[in-house]
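A.B. asks: One predicted model, sequence on top.
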Amino acid sequence: MLYNFICAASFVLMLLLNVLLGKCKRAKTVIRIFSGVIFVYKCAHYIVQNLRGNLSIPVEISSISYFLVPVIVAFKIKRLYGAGSFFGIAAGIGYFAFYTLLGFTVAESFTLTEILTGCFSHGYLLLAGLHLFKNNDFSPSEGPRIWATLFAMLAWAPVFYDLETRGITFIYYIIKPQYLYIFDATALNVLLVFLYYCLLAAAFAFAVKCFFYCNARRRAKPAAPAA
């Protein structure tokens, strides 16, 4: 239960930091500095792992986001602000939700240091995503860029997933649907996989719609009256 508590506390801390950043005049600078730190740290991490002979390639959506979001923020790639915000928020909330509720199920797979590092890294993604979300107006017309980013991630993952020895991860359930082969008849298994991907696509489309809806609601809020 220790990991559950750490992740829950980290999530609350990130929400508090998000509020503080909203009141900070140098919020953009702070986020850009953190972006640089995360990018350098993750590059160094993967380089060192591979130099040690431990083949390590980012294939998880959150792992790829460690590079995607910092680059978008640091280089001010405004055309991808929507995608950066969406995947930053999704990766952050997804991580904290899973490990807060089910962290005990993977407690033996990670050290305390790895959990703390994960909280810091995903905390950055959440803060950066929320920062972009609060300070930019997004249009549903940007939806195709979010979908294109997802498809690019899903095209990348299968190429490198099997090159590295790893346990079952989140991306596994998307790119390795063989676990759904529960029938003797091939046609039924194919149909089940098809329905599964339809449900995933519908869920993702709903999440994207909610993202733009919430952003529009934020824009629609009346300005606070002057003191």
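C.D. replies: That came through fine.
A.B. asks: Tell me the spacing between Thr100 and Glu114.
C.D. replies: 16 Å (CB to CB, to the nearest Å). Where you see a C-beta, it was placed from the backbone N, CA and C, and this is true even at glycine.
A.B. asks: Identify the single longest helix in the protein, thanks.
C.D. replies: Ranked by residue count under DSSP state H, the longest helix found in the chain is helix 186-220.
A.B. asks: For that one, which residues meet the burial criterion?
C.D. replies: Asn189, Val208, Phe211, Phe212, Asn215 (16 or more other CB atoms under 10 Å).
A.B. asks: cool, stretch 44-54 as well?
C.D. replies: So, applying 16+ other CB under 10 Å, buried residues of stretch 44-54: Tyr46.
A.B. asks: Look up the closest residue to Asn4, ignoring the ones flanking it.
C.D. replies: Excluding the flanking residues, the one nearest Asn4 by CB to CB, 6 or more residues apart in numbering is Gly103, at 4.2 Å.
A.B. asks: burial measure for the one you found, as a count.
C.D. replies: As a burial measure, Gly103 scores 20 neighbours (other CB atoms under 10 Å).
A.B. asks: Surely it touches Ser10?
C.D. replies: No: contact criterion CB atoms under 8 Å: Gly103 and Ser10 do not qualify, at 11.0 Å.
A.B. asks: Next, give phi and psi for Gly53.
C.D. replies: phi 90, psi 0 (degrees, to the nearest 10).
A.B. asks: With Asn54 instead?
C.D. replies: phi -100, psi 90.
A.B. asks: Model confidence score at it, please.
C.D. replies: Note on Asn54: pLDDT of 86.
A.B. asks: what does Ser63 give?
C.D. replies: pLDDT, read off for Ser63, is 93.
A.B. asks: Let me see the contact set for the residue nearest to Asn4.
C.D. replies: Neighbour list for Gly103: Met1, Tyr3, Asn4, Ile6, Cys7, Ile115 [criterion: CB atoms under 8 Å, 6 or more residues apart in numbering].
A.B. asks: Return the closest of those with respect to Gln49.
C.D. replies: Distance ranking of the contacts of Gly103 against Gln49, using CB to CB, places Ile115 first at 17.9 Å.
A.B. asks: that older thread, distance to Ile61 added to the buried residues of helix 186-220, as JSON lines?
C.D. replies: As requested, those are arranged in JSON lines below (distance: CB to CB, whole Å):
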{"residue": "Asn189", "distance to Ile61": "25"}
{"residue": "Val208", "distance to Ile61": "14"}
{"residue": "Phe211", "distance to Ile61": "15"}
{"residue": "Phe212", "distance to Ile61": "19"}
{"residue": "Asn215", "distance to Ile61": "20"}
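A.B. asks: Quick check: the farthest pair among those?
C.D. replies: Asn189 and Asn215 (39.4 Å).
A.B. asks: So Gly36 is in contact with Ala74, correct?
C.D. replies: Yes: Gly36 is within contact range of Ala74, at 6.0 Å (criterion: CB under 8 Å).
A.B. asks: Please identify which of those two sits among more neighbours.
C.D. replies: Neighbour count, other CB under 10 Å: between Gly36 and Ala74, Ala74 has more, with 16 against 13.
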